[in-house]
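>>> let me see the structure of the following:
(4 chains)
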Protein chains: 2
Amino acid sequence: MPKDTFFKLKEDKKRKLTEAFLREFSLKSYDEASITSVVKELGIAKGSVYQYFNDKLDLFMYLVGESSKVKQQYVAEIKREDFDDYWAFFRKLFSEGVKFDLENPLESHFLHNLPNNLNSPSIKQIYDQFLNQITSAFESMVQYEIDKGYFRDDLPVKTMAFFLYKSSLLIMEQMELFEGLSPAKSIINKEPVYKGKVDALMKTVDNYIIILKKSFDKIN
Amino acid sequence: MPKDTFFKLKEDKKRKLTEAFLREFSLKSYDEASITSVVKELGIAKGSVYQYFNDKLDLFMYLVGESSKVKQQYVAEIKREDFDDYWAFFRKLFSEGVKFDLENPLESHFLHNLPNNLNSPSIKQIYDQFLNQITSAFESMVQYEIDKGYFRDDLPVKTMAFFLYKSSLLIMEQMELFEGLSPAKSIINKEPVYKGKVDALMKTVDNYIIILKKSFDKIN
DNA sequence: GCAAAATATGACTTAGTGGTCACAATTTTG
DNA sequence: CAAAATTGTGACCACTAAGTCATATTTTGC
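Now for the predicted structure:
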């Protein structure tokens, strides 16, 4: 957790600081991201950062928390019960994700880069923890669908959950690869990740749904 | 390419050197891997390494080439034409991969860690190059199946290829996560990646085939 | 307006890294 | 066996990083 000093900072300075570090961690992995270079950019002393945060990890986790909070505001109310099947629900998560992206480019870029970011060797424990949480969340979802008789029941739940989670990451990875997203540019210009590519994204999501539906649905 | 000096080295020294660096790059990413620490372990001077190789990347690429060559000996003769469907072919690639693993633990560990390894920021170009090659190889395979009427033809080939390639990586990732592979230990003990887990691996492969078959086959 | 508390500073420490190079040791050659 | 070519060496360079801390500045409370 950040120190008191940070929270007592003026809103403006707090925001500038947060944004600068969001940018840094959006463009680079945890290990690459350099506090030294950000403080230079901000024109403040490095010591200041350590008046606000205990260490680099503290700072990073703060950014994760804040960005997640913002995104939660968009997806928290999306309930599985409100949809006929899992895939409509799945699709809605992405379309609301786009809204989040358009309205909070910086936080979106940061979260978009998070899986890469967590791959840094020096925070492997954090990554493992994160992966555990998310796979167990996906397990619950898959189990729910199986219990309702929607998903097939002849495969290990863990495998299905893992596959599903990774597939959703693949969508983003494919967008980056095929659609030539250029995070560096859009971050500088404060533009959303998927600016001008929303249709392509949703098309990709639909394609992935076609693939996954076939594999996961009990009857199709 | 390594310098002449390296190739003129005694077989024994060459092997010791290669093995030590294979170990290092199997356990760490490209950027993490430390030449300094390996030369200490080997008890030779750092300067020697630079008598053999132009730089770190030269050394790394040599290891990639050598390991790939060894693996090629196992999979090169596996031809799609000799199998009824893609999935039998797919499965055979894994089962021969296991043989390679059992007989060449070090090279296997190295290749197993390669996708992680290539994620290092300082060799992003190499990664992109690699990804391009491999996805276009997968595209050819998918196109072949589509032309023969085996795979569905209502999805972009690129998407299918990318999905298929990433799925095969997922198998390894899942093994590591669920089956508790411990590369660090098995490398030290010169044990194969999948020692005692071959059945679990092939079971996982079969599960993935069940999933992928449903999505990819035109008729099922 | 002044003392005390809070905040800002940046030179400095420690710890890595890849890569170099003048020189030493060894091996090959004639 | 000596001269020449090859190979080995490790101190050293240039660089970058996270984190510290005595000191300076600013803000707050009275």
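
>>> so A:Thr5 sits right up against A:Tyr52, yeah?
Yes: because the distance of 5.7 Å satisfies C-beta atoms under 8 Å, A:Thr5 is recorded as touching A:Tyr52. (C-beta placed from N, C-alpha, C; glycine too.)

>>> so for these two, which sits in the more crowded spot?
A:Tyr52 (20 against 12; other C-beta atoms under 10 Å in any protein chain shown).

>>> where does that one land on pLDDT?
A:Tyr52 is assigned a predicted lDDT (pLDDT) of 98.

>>> wait, it sits on A:Lys8?
No: counting by C-beta under 8 Å, A:Tyr52 does not reach A:Lys8; the two are 9.7 Å apart.

>>> could I get the contacting residues of the residue positioned nearest the centre of chain A?
Nearest residue to the geometric centre of chain A (C-alpha atoms, centre = their mean): A:Leu111, 3.3 Å. Contact partners of A:Leu111, counting by C-beta atoms under 8 Å, 6 or more residues apart in numbering or on different chains, are A:Ser67, A:Ser68, A:Lys71.

>>> next one: A:Ser186
Going by C-beta under 8 Å, 6+ apart, A:Ser186 touches A:Pro105, A:His109, A:Pro192, A:Val193, A:Lys195.

>>> just the buried subset of the residues you listed, written out for PyMOL, thanks.
In PyMOL, this line selects whichever of the contacts of A:Ser186 come out buried by 16 or more other C-beta atoms under 10 Å in any protein chain shown:
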select buried, chain A and resi 105+109+192+193
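
>>> determine which two of the contacts of A:Ser186 are furthest apart.
A:His109 and A:Lys195 (11.0 Å; C-beta to C-beta).

>>> what comes up buried for the helix or strand of chain A with the lowest mean pLDDT?
Lowest on mean pLDDT, DSSP states H and E among the helices and strands of chain A sits helix A:183-188, with a mean of 90. Using 16+ other C-beta under 10 Å as the test for burial, helix A:183-188 gives A:Pro183, A:Ser186, A:Ile187.

>>> continuing past that helix, what's the next helix or strand?
Sequence-wise, the next helix or strand downstream of helix A:183-188 (DSSP states H and E) is helix A:198-216.

>>> relative to the whole chain's centre, how far out is that following helix?
Between the centre of helix A:198-216 and the centre of its chain there are 19 Å (C-alpha atoms, centre = their mean, to the nearest Å).

>>> interface residues of chain A facing DNA strand D?
Within reach of DNA strand D by C-beta under 7 Å from any atom of the strand, chain A has these residues: A:Ala33, A:Ser34, A:Ile35, A:Thr36, A:Ser37, A:Lys46, A:Gly47, A:Tyr50, A:Asp55, A:Lys56, A:Leu57.

>>> please list only the buried members of the residues you listed.
A:Ala33, A:Ile35, A:Tyr50, A:Lys56.

>>> and those, which two are furthest apart?
Maximum pairwise distance in these, criterion C-beta to C-beta, is 15.6 Å, between A:Ala33 and A:Tyr50.

>>> just for chain A, where's the confidence low?
Along chain A, the model assigns pLDDT under 70 to no residue.

>>> between the contacts of A:Ser186, which sits nearest chain B?
A:His109 (16.8 Å; C-beta to the nearest C-beta).

>>> once you drop chain neighbours, what's closest to that closest one?
Nearest non-adjacent residue to A:His109, counting by C-beta to C-beta, 6 or more residues apart in numbering or on different chains: A:Ser26, 4.0 Å away.

>>> neighbours around the one you found, how many?
Neighbours of A:Ser26 (other C-beta under 10 Å): 27.

>>> same question for A:Asp206.
A:Asp206 has 13 neighbouring residues, counting by other C-beta under 10 Å.

>>> how near is the closest residue to it other than its chain neighbours to B:Gln129?
Of all residues not flanking A:Asp206 in the chain, A:Arg91 sits nearest, at 7.4 Å (C-beta to C-beta, 6+ apart). Distance, A:Arg91 to B:Gln129, using C-beta to C-beta, to the nearest Å: 34 Å.

>>> with A:Pro192 instead?
Computed with C-beta to C-beta, the distance linking A:Pro192 and B:Gln129 is 29 Å.

>>> repeat that for A:Glu179.
Distance of A:Glu179 to B:Gln129, computed by C-beta to C-beta: 19 Å.

>>> out of these two, which sits in the busier spot?
Neighbours were counted for A:Glu179 and for B:Gln129 using other C-beta under 10 Å; A:Glu179 has more, 15 against 12.

>>> ok, now which ones touch that one?
Taking C-beta under 8 Å, 6+ apart, one finds A:Lys197, A:Ala200, A:Leu201 in contact with A:Glu179.

>>> one step back: what's the closest of the contacts of A:Leu111 to DNA strand D?
Closest approach to DNA strand D among those (C-beta to the nearest atom of the strand): A:Ser67, at 19.0 Å.

>>> quick revisit: distance between the helix or strand containing the residue nearest to the centre of chain A and the chain's centre?
For A:Leu111, the host element (DSSP H and E) is helix A:105-118. Averaged C-alpha coordinates place helix A:105-118 at 5 Å from its chain's average position (C-alpha atoms, centre = their mean).

>>> for stretch A:157-172, same thing?
Mean-position distance between stretch A:157-172 and its chain equals 14 Å (C-alpha atoms, centre = their mean).

>>> who touches that stretch?
Identification of contacts with stretch A:157-172 by C-beta under 8 Å, 6+ apart yields A:90, A:94, A:112, A:115, A:134-136, A:138-139, A:141-143, A:146, A:151, A:201, A:204-205, A:208, A:211-212, A:215-216, B:162-163, B:166-167, B:170, B:173-174, B:177-178, B:204, B:207-208, B:211.

>>> of those, buried ones?
For those, buried by 16+ other C-beta under 10 Å: A:90, A:94, A:112, A:115, A:134-135, A:138-139, A:141-142, A:146, A:151, A:201, A:204-205, A:208, A:211-212, A:215-216, B:162-163, B:166-167, B:170, B:174, B:177, B:204, B:207-208, B:211.

>>> those strands in chain A, which residues are they?
Under the criterion DSSP state E, chain A contains no strands.

>>> closest residue of it to DNA strand C?
Proximity of chain A to DNA strand C (C-beta to the nearest atom of the strand) peaks at A:Gly47, 1.7 Å away.

>>> close to chain B, is the longest helix belonging to chain A?
If you go by DSSP state H, chain A has its longest helix at helix A:124-147. Yes: counting by C-beta under 8 Å from any C-beta of the partner chain, contacts between helix A:124-147 and chain B involve A:Leu131, A:Thr135.

>>> can you show me the CA trace of that helix as PDB?
These are the backbone C-alpha positions of helix A:124-147, laid out as PDB (Å, rounded to 0.1, in the frame of the first residue of the first chain):
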ATOM      1  CA  LYS A 124       6.900 -14.600 -10.700                       C
ATOM      2  CA  GLN A 125       5.100 -15.200  -7.400                       C
ATOM      3  CA  ILE A 126       2.700 -12.400  -8.100                       C
ATOM      4  CA  TYR A 127       2.100 -13.900 -11.500                       C
ATOM      5  CA  ASP A 128       1.400 -17.300 -10.100                       C
ATOM      6  CA  GLN A 129      -0.900 -15.900  -7.500                       C
ATOM      7  CA  PHE A 130      -2.800 -14.000 -10.200                       C
ATOM      8  CA  LEU A 131      -3.000 -17.000 -12.500                       C
ATOM      9  CA  ASN A 132      -4.400 -19.100  -9.600                       C
ATOM     10  CA  GLN A 133      -7.100 -16.600  -8.800                       C
ATOM     11  CA  ILE A 134      -8.100 -16.200 -12.400                       C
ATOM     12  CA  THR A 135      -8.100 -19.900 -13.300                       C
ATOM     13  CA  SER A 136     -10.200 -20.700 -10.200                       C
ATOM     14  CA  ALA A 137     -12.600 -18.000 -11.200                       C
ATOM     15  CA  PHE A 138     -12.900 -19.500 -14.700                       C
ATOM     16  CA  GLU A 139     -13.300 -22.900 -13.100                       C
ATOM     17  CA  SER A 140     -16.400 -21.700 -11.200                       C
ATOM     18  CA  MET A 141     -17.800 -20.400 -14.400                       C
ATOM     19  CA  VAL A 142     -17.200 -23.600 -16.300                       C
ATOM     20  CA  GLN A 143     -18.500 -25.700 -13.500                       C
ATOM     21  CA  TYR A 144     -21.700 -23.600 -13.500                       C
ATOM     22  CA  GLU A 145     -22.200 -24.200 -17.200                       C
ATOM     23  CA  ILE A 146     -21.600 -27.900 -16.800                       C
ATOM     24  CA  ASP A 147     -24.100 -28.100 -13.900                       C
END
